[in-house]
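> Okay, sequence plus prediction incoming.
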Amino acid sequence: MNSRKKVIVTGFEPFGEHVVNSSWAAVQELERLGLGEAVDLYVCEIPVEYKAIGSLLPSLWKEHRPELVVHVGVSGLATTVTLEKCGHNKGYKRLDNCSFCPASQWCMEDGPDCLKSVLDMDTISRKVNDSDIGITASVSEDAGRYLCDYTYYTSLYLGQGRAAFVHVPPLGKPYSRQDLGRGLQAVVQEMLKLQEGNHSEEDLCKCAVNRIVTTHDD
């Protein structure tokens, strides 16, 4: 039985003032570092385009069937590695790299206004901050109503909450690409540990239910 985990991590192409997008630089550094021998890591640079994301993400989820998808984006306002708790369905008015935005300003027409990750970002942030890697993590509930938020909501919708989004600062403000890659590695590893713990709790609950059913059958 194959116990290896499949994880997809994406970064964005350049846009606007971000001629070098630190999100993709961080993901490339993560690819170099890896996530351990038990994890199959697939990285992907995604376009800053609504239509491209609408077709790319469903194919990534279907083709790879990952345990977890982590999207990484740059924020000019960020000074920490910021873990986003949720994605939003409406309010997409800003034009993408192709000067396009959805006429409806929606992500998924039949989706709820907000979707949350199954991962406890507060716990993950605390564990990263308690480590000695020299990276500060924080949490947020607003991913910005642009391609970052749009991408996150889409993955949360497709993956039934098994997705995460991480905002990183621009390079050198204050972290280098090596710093960001190391921080991203720590964040994703904590996510996987938490996800594994959640699965273990679910298995224990199922065993308890099975014992109760068996007892009643007797």
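Thanks, I have it. Numbering: from 1, shown residues only.
> Going by C-alpha atoms from here, please, whenever you check contacts or count neighbours.
OK.
> now the strands for this protein?
Counting by DSSP state E, the chain has strands at residues 5-12, 39-46, 68-74, 81-84, 86-88, 114-116, 137-140, 163-168.
> Export the ones you listed to a markdown table and append columns for mean neighbour count.
Shown next, in a markdown table, are those (neighbours: other C-alpha atoms under 10 Å):
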| stretch | mean neighbour count |
| --- | --- |
| strand 5-12 | 21 |
| strand 39-46 | 16 |
| strand 68-74 | 25 |
| strand 81-84 | 24 |
| strand 86-88 | 27 |
| strand 114-116 | 18 |
| strand 137-140 | 20 |
| strand 163-168 | 28 |
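> okay, these in JSON lines with mean pLDDT and distance to residue 103 next?
Formatted as JSON lines, these follow (pLDDT from 0 to 100; distance: least, C-alpha to C-alpha, whole Å):
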{"stretch": "strand 5-12", "mean pLDDT": "97", "distance to residue 103": "23"}
{"stretch": "strand 39-46", "mean pLDDT": "96", "distance to residue 103": "22"}
{"stretch": "strand 68-74", "mean pLDDT": "97", "distance to residue 103": "24"}
{"stretch": "strand 81-84", "mean pLDDT": "98", "distance to residue 103": "26"}
{"stretch": "strand 86-88", "mean pLDDT": "97", "distance to residue 103": "16"}
{"stretch": "strand 114-116", "mean pLDDT": "97", "distance to residue 103": "19"}
{"stretch": "strand 137-140", "mean pLDDT": "97", "distance to residue 103": "27"}
{"stretch": "strand 163-168", "mean pLDDT": "98", "distance to residue 103": "25"}
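> right, and those - which one's nearest residue 157?
Comparing the strands of the chain against residue 157 with C-alpha to C-alpha, the closest turns out to be strand 114-116 (7.3 Å).
> So what touches that closest one?
For strand 114-116, the surrounding residues in contact (C-alpha atoms under 8 Å, 6 or more residues apart in numbering) are 85, 86, 87, 88, 89, 153, 156, 157, 161.
> How far off centre is that strand?
13 Å (C-alpha atoms, centre = their mean, to the nearest Å).
> so what strands line up beside that strand?
When pairs are called by DSSP bridges, strand 114-116 turns out to pair with strand 86-88 (antiparallel).
> contact partners of the partner strand?
By C-alpha under 8 Å, 6+ apart, strand 86-88 touches 113-117, 141-143, 145, 149-150, 152-153, 156.
> Now for those residues: which two are most distant?
Top of the distance list for these (C-alpha to C-alpha): 117 and 145, 16.7 Å.
> how near is the closest residue to residue 139 other than its chain neighbours to residue 144?
Nearest residue to residue 139, sequence neighbours excluded (C-alpha to C-alpha, 6 or more residues apart in numbering): residue 83, at 4.6 Å. Distance of residue 83 to residue 144, computed by C-alpha to C-alpha, to the nearest Å: 13 Å.
> Over to residue 26?
Counting by C-alpha to C-alpha, the gap between residue 26 and residue 144 amounts to 20 Å.
> higher neighbour count, those two?
residue 26 (28 against 14; other C-alpha atoms under 10 Å).
> Which residues are in contact with the more buried one?
11, 177, 178, 180, 181, 184.
> can you rerun that using 6 Å?
Residue 26 sits next to 177, 180, 181 when contact means C-alpha atoms under 6 Å, 6 or more residues apart in numbering.
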